[in-house]
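Colleague: Return a 3D structure for these sequence lines:
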Amino acid sequence: MARELTFRIFRYNPDEPGNKPFLQDFHVTEEPRMTLFVVLNKLREEQDPSLRFDFVCRAAICGSCGMLVNGRPTLACKTLTKDLPQETTLMPLPVFKLLGDLSVDTGVWFRDISLKTESWIHNDDPFDEQAQEARMDNELALRIYEAERCIECGCCIGGCATANIKPNFIGAAGVNRVARFMLDPRDKRTDQEYFEVVGSEDGIFGCIGLMACDDNCPIGIPLRDQLTYVRRKMAATGWRMGKK
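Modeller: Reported below is the predicted structural model:
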């Protein structure tokens, strides 16, 4: 017999003066292979068209549907209702600007991180349109690809204790981005230059080591390894700078 599921959903419109947050209960009959993405669309189509949440791809590629499901950051499109209890609480991801209900603005946050970490290849070599592409071995290319797989869903940030306390902390997503460029032989920045970008409490040394980022990444990027790699490089750089 199909379960009758209850979803307790955070409701709040910050654009309405005097509006206060509250939790609203919705009821849905469970269907085979139902995902939380399907549930939310059914609720908006059949019960409350004002319900706000984000989605694009429904295939865990766009990262739009990140939210807290019973307190844990995850993607709605990857969450099967069969893995949820009969009563589930849905909240928006913290840290990011709340747009309404379950919808948050991750774009501005990730753009700021791109600027802070200078997420582009730094290379002053003159451009030669006739030259072949820079080559690298497969193992290195795969290590860079691991970092590039980030879909900017914000789940690692929403579950990060430091990011929830310090608004300027770049979090695992920022560290992962730095690791990507540190690995890339086309980027000519020195360790000291990277240290100036992330060698602070708002950067690599702000992490308190709970590793919720690694646990919550919905696509399995090894954020723990990325953090360790960058932290060791920056610690060695700081030690060398301190000796001067």
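
Colleague: And the residue nearest the centre of this structure?
Modeller: Geometric centre of the chain, nearest residue: residue 154, 2.3 Å, by Cα atoms, centre = their mean.

Colleague: Identify the residue nearest that residue in space, chain neighbours excluded?
Modeller: Of all residues not flanking residue 154 in the chain, residue 106 sits nearest, at 4.5 Å (Cβ to Cβ, 6 or more residues apart in numbering). Quick note: C-beta positions are derived from backbone N, CA and C, even for glycine.

Colleague: Quick one: neighbours of that neighbour, just the number.
Modeller: Neighbour count for residue 106, taken as other Cβ atoms under 10 Å: 22.

Colleague: gap between it and residue 66?
Modeller: According to Cβ to Cβ, to the nearest Å, residue 106 stands 7 Å off from residue 66.

Colleague: quick one: common contacting residues for the two?
Modeller: 93, 153, 154 (Cβ atoms under 8 Å, 6 or more residues apart in numbering).

Colleague: Make a markdown table from these and add distance to residue 73 to it.
Modeller: Converted to a markdown table, those look like this (distance: Cβ to Cβ, whole Å):
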| residue | distance to residue 73 |
| --- | --- |
| 93 | 6 |
| 153 | 8 |
| 154 | 7 |
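
Colleague: The lowest-mean-pLDDT helix or strand in the chain packs against which elements?
Modeller: The weakest-scoring helix or strand in the chain, judged by mean pLDDT, DSSP states H and E, is helix 223-243 (a mean of 80). Helices and strands touching helix 223-243, by 3 or more Cβ pairs under 8 Å, 6 or more residues apart in numbering; DSSP states H and E, are helix 171-183, helix 191-198, helix 212-216.

Colleague: For residue 230, which of those is the nearest?
Modeller: Closest approach to residue 230 among the helices and strands packed on helix 223-243 is made by helix 171-183 (5.1 Å; Cβ to Cβ).
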